[in-house]
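[1] Fold the following and give me the result.
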Amino acid sequence: MPIKINHFNDTLPLHSLLTKCLMTLSVGVLLALYGTAGEAVAQSQSVTELNQQQKAAERRRAELEKQINSVKRLIKSQESEKQDVVDRLSESERNISRINAELDGLQEQQEAAQHEIVLLRRQADGQRELLAERQEDLGEQIYAQYTSGLSPWSALFSGGDAQKIGRDMGYLSYVARARARAVQELNQAILSLQKTESEIKGRQQEIERLAERTLASKNELENEQRKYQTELGNIEQELKNRRAEAGRLAGDQRRLDSLIGEIGKTITQQREIARQAELARQRQALERQQQLTQERDAQARLAAEQAALAQQQADRAASMRAQAQEAQETAVSRQRLTEIRIREEENALAQAIRPEDLEQAKRRLTAALNERQQSQQQLSQARMLQENAEIEAAKARLAKEKALEAQRLEAKARADERKARALAASANDGIPQGAPWPLRGTLQGRFGRTRPDTGGVWRGILIKADAGASVKAIAGGTVVFSDWMRGFGNLIIVDHGANYMSVYGYNQSLSRKVGDKVNSGQTIARAGSTGGQVEPALYFEIRRGSQPIDPLTMLAK
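    Purely as a prediction, here's the structure:
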């Protein structure tokens, strides 16, 4: 739960009360910061003990929330008579922060929906290819029956041998069943394609709804910003008067120092406990990494074996398909020539007059009929080869699917191994030299130089920025403060470990809350002009312990 400190007053004796609250808050903060380390310690505890600790933590959390709310009410009641100009901007700045966060969420939803549509379109393309294959298979079956010259009626009324008629009818029955299966598969492919296209349409409608919501939120943001600009214009003169009060601004700086000092004390007191827990966690992570490495190696071997088997099946299927195609073409050609010969011999028999010519024509016709029977048998064998080739092709597709599944499992195993490796090496290691800038822009204030508004010196740097520009973490760490603070507006503080913290002030909105883990270069806020500033800018500090240091010595040149 974020610490919300609305306003400070130099004249109020609240330091001891705030210190007590911050010390109590350390329990809740450290539960979030070192949750992974706590898992390692918890392995040696019983379920009953863990339940008791959980209940105790809930009671402490409830007590802490009561204390924080009490402090807020006290601060609010004691400062209600001293309405500061910055207080009048607080509500507008909070609303802008909330709306910006909503816009970010809607943008992520739109990107996710767009990505899903791309996947669905790829799936639809695959289904269209499958549909084309099913149509091609059905066409080949119809063409094969047509070129064979067989039909149920021609077989029944041919007047040929009964056994031959039975064989022909059996073959035609098989062809009919195969055609029915092909039609069924074709219909199934059409239904799958229609379903995918329906899903694509649904996602597109969802994107349109998200776009409408985004537009509405943008309009709301623009209205809020116009309200803010109107308010800012009305009180600009008062802001100028307030800037003349250098003593109060110096008090703002002291309040920030006090807050950072209390946070630093809390972190220091718990660091040894966290270090021991971290060592235990790293040992467990290393063991887990070794186990995942073994699993990944096993998955890699399985993937290689499945890929080799799939290739063998594919080669065998291609070879059998080529043989079947060649045999079928030869059989069809032979049957066509045989039918021509039979018609010629029938004509010769009809024209024969002499007995010897008649007998010779009958022998030639009988030979042609035998040849037709042999060609039909050859065609049947070719079709059997074609069926075997299709079976092998199906086996090859199945083997390919198994190989792809093995590759997916291997990829998941590698991802698990990378996560385990990152977990084993994860730690807050401070701020590296040459760290990236939180935001690039013109320097309007430099560390150690005189501030024209207070007469004091800058403890950080002031970077000119466009309103709404992304403010990024300069190194990995944990958010320890994220709220509005008098004199600094929307303020966020990140603990980087090794006794280093970074401070980001004057933000338009805050993108992360207390307890969040952040990575280097990750957006944590958006630049603005909160806390009484006239022009948008980012106030940035680096602290070693409670002492500010020159950020330019740590940031990239």
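[2] Ramachandran angles for residue 504?
    Dihedral pair for residue 504: phi -130, psi 120, per degrees, to the nearest 10.
[3] hey, what's it bridged with?
    In this structure, residue 504 bridges to residue 492, residue 540 when assessed by DSSP bridges.
[4] residues contacting it?
    When the contact criterion is C-beta atoms under 8 Å, 6 or more residues apart in numbering, the partners of residue 504 are 438, 471, 491-494, 524-525, 538-540. All C-beta atoms are positioned from the backbone trio N, CA, C, and that covers glycine.
[5] Pull the number of nearby residues for residue 213.
    Residue crowding around residue 213 was assessed by other C-beta atoms under 10 Å; the count is 16.
[6] Doesn't it lie inside a helix?
    Yes. Judged by DSSP: H, G, I helix; E, B strand; the rest coil, residue 213 forms part of a helix.
[7] ok, how many other residues are close to the nearest residue to it once chain neighbours are set aside?
    Spatially, and ignoring its direct neighbours in sequence, residue 213 is nearest to residue 106 (5.8 Å; C-beta to C-beta, 6 or more residues apart in numbering). Each residue near residue 106 was counted by other C-beta under 10 Å, and the total is 18.
[8] Over to the one 3 residues further on?
    Residues contacting residue 109 under the criterion other C-beta under 10 Å number 16.
[9] before we move on, what about residue 323?
    Counted by other C-beta under 10 Å, the residues lying close to residue 323 total 15.
[10] and it, what does it touch?
    Under the criterion of C-beta under 8 Å, 6+ apart, the contact partners of residue 323 comprise 385, 389.
[11] Model confidence for it, exactly?
    At residue 323, the model reports a pLDDT of 77.
[12] Please shift the residue numbers so they start at 827 in all later answers.
    Understood, numbering begins at 827; the last thing we discussed is residue 1149.
[13] ok, and it, which helix or strand is that part of?
    When secondary structure is defined by DSSP states H and E, residue 1149 falls within helix 1072-1177.
[14] Just the angle for the helix or strand following that helix relative to helix 1072-1177, thanks.
    Following helix 1072-1177 in sequence order, the next helix or strand is helix 1181-1251 (DSSP H and E). If you take axes from the mean of the first three to the mean of the last three C-alpha atoms, to 10 degrees, helix 1181-1251 sits at 170 degrees to helix 1072-1177.
[15] Now do helix 1181-1251, average pLDDT.
    The pLDDT scores in helix 1181-1251 average 73.
[16] which helices and strands sit right next to it?
    For helix 1181-1251, the packing partners by 3 or more C-beta pairs under 8 Å, 6 or more residues apart in numbering; DSSP states H and E come out as helix 911-974, helix 988-1069, helix 1072-1177.
[17] wait, is residue 1328 part of a strand?
    Yes. Under the criterion used here (three-state DSSP), residue 1328 sits inside a strand.
[18] circling back: narrow the contacts of residue 1330 to just the buried residues.
    Buried subset of those (neighbour count, 16 or more other C-beta atoms under 10 Å): 1264, 1297, 1317-1320, 1350-1351, 1364-1366.
[19] any idea which of these is closest to residue 1332?
    When the buried ones among the contacts of residue 1330 are compared for distance to residue 1332, the smallest value, 5.0 Å, is given by residue 1365; criterion: C-beta to C-beta.
[20] Residue 1269 versus that closest one, what's the distance?
    12 Å (C-beta to C-beta, to the nearest Å).
[21] Residues in contact with both of those two, list them for me.
    With contacts defined as C-beta under 8 Å, 6+ apart, the residues adjacent to both residue 1365 and residue 1269 are 1287-1288.
[22] and the helices and strands packed on helix 1181-1251 as JSON lines, adding distance to residue 1220?
    As requested, the helices and strands packed on helix 1181-1251 are arranged in JSON lines below (distance: least, C-beta to C-beta, whole Å):
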{"stretch": "helix 911-974", "distance to residue 1220": "12"}
{"stretch": "helix 988-1069", "distance to residue 1220": "12"}
{"stretch": "helix 1072-1177", "distance to residue 1220": "8"}
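[23] Kind regards, and thank you for your time.
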